[in-house]
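Chemist: Structural data only, the sequence is not supplied:
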């Protein structure tokens, strides 16, 4: 993956999958594809180090998962929610799928991650990577400080 002109947006080729194969992706497979694309973008383009994938917590008052957790060069812990959708026009696409409610949930999960892992970070940032899969291409948008 080469660095795009705008490091927060990228158009990516998805390889040899046919449209019928891509339409047949079950939600978990589509989600995994999105997380793989996001992790590659964060490491190769943005220079982050992914330190956790699919981190889960289950306690009395909080159940959930963080898609990706990374560190930047300044020591900031970057918690990344990844939203992947087929077709950009359907229901507003991936970017529209992550509202304020999702942001509150990610914030609570990030707090649990930091507490449970004993992380010492200069700061914690909550990012969103929205990916719309259209045909043989994926449109990726990295929104820093999304919430």
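Modeler: Sure, I can see it. What you are looking at is a predicted structure, and each value in this text was computed from that prediction instead of being measured.

Chemist: in this protein, which segments are predicted with low confidence?
Modeler: The chain contains residues with pLDDT under 70 at 1-7, 10, 12, 15-28, 88-91.

Chemist: mind listing the helices for it?
Modeler: Using DSSP state H, the helices of the chain run over 19-23, 27-44, 93-96, 100-117.

Chemist: Comparing these, which comes out most buried?
Modeler: helix 93-96 (a mean of 19; mean count of other Cβ atoms under 10 Å). The C-beta positions use only the backbone N, C-alpha and C, and glycine is treated the same way.

Chemist: same for it, what does it pack against?
Modeler: Secondary-structure packing of helix 93-96 (3 or more Cβ pairs under 8 Å, 6 or more residues apart in numbering; DSSP states H and E): strand 77-86, strand 124-134, strand 137-143.

Chemist: Would you mind pulling up the elements that the longest one packs against?
Modeler: With contacts defined as 3+ Cβ pairs under 8 Å, 6+ apart, the packing partners of strand 124-134 are helix 27-44, strand 77-86, helix 93-96, helix 100-117, strand 137-143.

Chemist: Take the ones you listed and lay them out in CSV including distance to residue 61.
Modeler: Conversion of the helices and strands packed on strand 124-134 to CSV gives the following (distance: least, Cβ to Cβ, whole Å):
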stretch, distance to residue 61
helix 27-44, 25
strand 77-86, 19
helix 93-96, 28
helix 100-117, 9
strand 137-143, 28
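
Chemist: Out of these, the one nearest residue 55 is which?
Modeler: Among the helices and strands packed on strand 124-134, helix 100-117 comes nearest to residue 55, with 5.9 Å by Cβ to Cβ.

Chemist: Now do that closest one: distance to the chain's middle.
Modeler: 14 Å (Cα atoms, centre = their mean, to the nearest Å).

Chemist: Stretch 29-41 now?
Modeler: Between the centre of stretch 29-41 and the centre of its chain there are 7 Å (Cα atoms, centre = their mean).

Chemist: picking up where we left off before, rebuild the helices and strands packed on helix 93-96 as CSV, extending it with distance to residue 13 and mean neighbour count.
Modeler: Converted to CSV, those look like this (distance: least, Cβ to Cβ, whole Å; neighbours: other Cβ atoms under 10 Å):
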stretch, distance to residue 13, mean neighbour count
strand 77-86, 16, 23
strand 124-134, 11, 22
strand 137-143, 6, 19
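
Chemist: Output the ones you listed as a markdown table; include the columns distance to residue 98.
Modeler: Listed next are those as a markdown table, based on distance: least, Cβ to Cβ, whole Å:
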| stretch | distance to residue 98 |
| --- | --- |
| strand 77-86 | 5 |
| strand 124-134 | 5 |
| strand 137-143 | 9 |
